[in-house]
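In: okay, sequence plus prediction incoming.
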There are 2 protein chains.
Amino acid sequence: MAARLLGTAAELFWRNGYAATTTRELSEGLGVQKASLYYHVRKKEDLLYSICVNALTNILSRARDEVSQVSLPEERIRALIRGHLTAMLDDKDQHATMLTELRSLTPKRRREIVSLRDQYERFIEDVIRDAQKAGAIRADIPAKILKLGLLDLLNWAIFWFDGNGELTPKSLADDFTSLYLDGAKRQLQRR
Amino acid sequence: MAARLLGTAAELFWRNGYAATTTRELSEGLGVQKASLYYHVRKKEDLLYSICVNALTNILSRARDEVSQVSLPEERIRALIRGHLTAMLDDKDQHATMLTELRSLTPKRRREIVSLRDQYERFIEDVIRDAQKAGAIRADIPAKILKLGLLDLLNWAIFWFDGNGELTPKSLADDFTSLYLDGAKRQLQRR
DNA sequence: GTCTATAAAGAGATAGAC
DNA sequence: GTCTATCTCTTTATAGAC
């Protein structure tokens, strides 16, 4: 399916919501007639499904790739945050749509996407658990909560991050890495 | 407007999305006829608007209330996290709807709600900035980023927190407070 | 305050020509 | 691969009785 079609769909789905986006708006955005869409796609929902698959396979491979290049447990978490944030913010529309519109998929497809998402979350939790075992990450909070807290911190940024501002995905990754690992409290000697 | 009407609307809006929720489903959920809704409300969007006002005034007063009861800067941040999470998770449907469906409001009303939200965010940023000035919170990351990071951490929990699980809003608040203030890294001596 | 009935508009999707 | 034309269904909202 044409990348432009998915890109335009994601843009509209993210701006106006999947259900509120009409095939008319979509075709206008693409500069074609409504009916032409149905040569590429059988149903409007196919677009949402493809966007979700795209976003998740993309972020998973990007995170895996970054993490695999370093071996120290703490460095692997830094790489994970960098990979997640840059993948997500470089393609905001598709990731935001995936993150917020899952409920609009048919049950079968929703289960499929949730299972992809679970796979990604297991990967993150494993990286954190390994770091706990190595003594680099605190063990008094369960790995599951540490993973959820990390994803909370990173994912919600999609709601306010403005690609045109001064803040870049990389500088945000630096700040959030430091915040996540060291905390917000003032420390006498920062490691 | 009847609280039951808003509660049912929020439940459906959060489960299926505002645009995807029909007045038919809403009336079925309430056990009345579709037309009866329009005695209480002029447009479907009125429901969304009321839900957003409710949620924001509620969380702002709850957070203000908690924070005002303590004076140590660090304690005020702990109170803020507790107040935010308990207010949000005790009324998940309305808060989740407010957090995710702003774009479905008319421009005028959206601006109004965003301004309410800005008011709340300024309050949080002030609490953090005061703590920075008092030397309790690190100053090498701008208060604005510390605020955004905190809201990211707390708000996204609405997507996965399950009120029927073993985790309570209070225990989650404890874990997230510790994570936010002290960080995920293992520390030799925890303060 | 709720009902039955219906208006009026907009939605997703298809048929068939080019 | 895109077009014009159209079908069919669902949507929000209103009129007016009780």
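Out: Alright, I've got the coordinates.
In: now do the helix or strand that contains A:Leu5: everything it contacts.
Out: Taking DSSP states H and E as the definition, A:Leu5 sits inside helix A:3-16. Outside helix A:3-16, the residues that touch it by Cβ atoms under 8 Å, 6 or more residues apart in numbering or on different chains are A:21, A:25-26, A:29-30, A:37, A:40-41, A:47-48, A:50-51, A:54, A:92-94, A:96-97, A:100-101, B:103. Glycine gets a C-beta too; all of them are placed from N, C-alpha and C.
In: just the buried residues of the residues you listed.
Out: A:21, A:25-26, A:29-30, A:37, A:41, A:47-48, A:50-51, A:54, A:92-94, A:96-97, A:100-101 (16 or more other Cβ atoms under 10 Å in any protein chain shown).
In: quick check: A:Leu26 touching A:Leu37?
Out: Yes: here A:Leu26 lies in contact with A:Leu37, judged by Cβ atoms under 8 Å, at a distance of 6.4 Å.
In: for chain B, what's its nearest residue on chain A.
Out: A:Gly183 (3.1 Å; Cβ to the nearest Cβ).
In: got the contact list for that residue?
Out: B:179-185.
In: quick one: which of the residues you listed sit in helices?
Out: Counting by DSSP state H, the part of these found in helices is B:179-182.
In: contact residues of chain A facing DNA strand D?
Out: A:27, A:32-36, A:39-40 (Cβ under 7 Å from any atom of the strand).
In: residue numbers of chain A in contact with DNA strand C?
Out: Checking chain A against DNA strand C by Cβ under 7 Å from any atom of the strand, the hits are A:21-24, A:34-35, A:38, A:42-45.
In: ok, so of those, who is nearest DNA strand D?
Out: A:Ala35 (2.9 Å; Cβ to the nearest atom of the strand).
In: go through the biggest helix by length in chain A and flag the buried ones.
Out: Identified as the longest helix of chain A according to DSSP H is helix A:107-133. Neighbour-count burial for helix A:107-133 flags A:109, A:113, A:116-117, A:120-121, A:123-125, A:127-129, A:131-132 (criterion: 16+ other Cβ under 10 Å).
In: closest to DNA strand C among those?
Out: Using Cβ to the nearest atom of the strand, the buried residues of helix A:107-133 come closest to DNA strand C at A:Arg109, 13.0 Å.
In: now the helix holding A:Leu5: average pLDDT?
Out: For helix A:3-16, mean pLDDT rounds to 98.
In: in that helix, what counts as buried?
Out: In helix A:3-16, counting by 16+ other Cβ under 10 Å, buried: A:5-14.
In: what's in contact with the helix or strand immediately after that helix in the chain?
Out: For helix A:3-16, the following helix or strand on the C-terminal side (DSSP H and E) is helix A:23-30. For helix A:23-30, contacts defined as Cβ under 8 Å, 6+ apart pick out A:4-5, A:8-9, A:11-12, A:16, A:33-34, A:36-37, A:44, A:47.
In: nice, that's everything, thank you.
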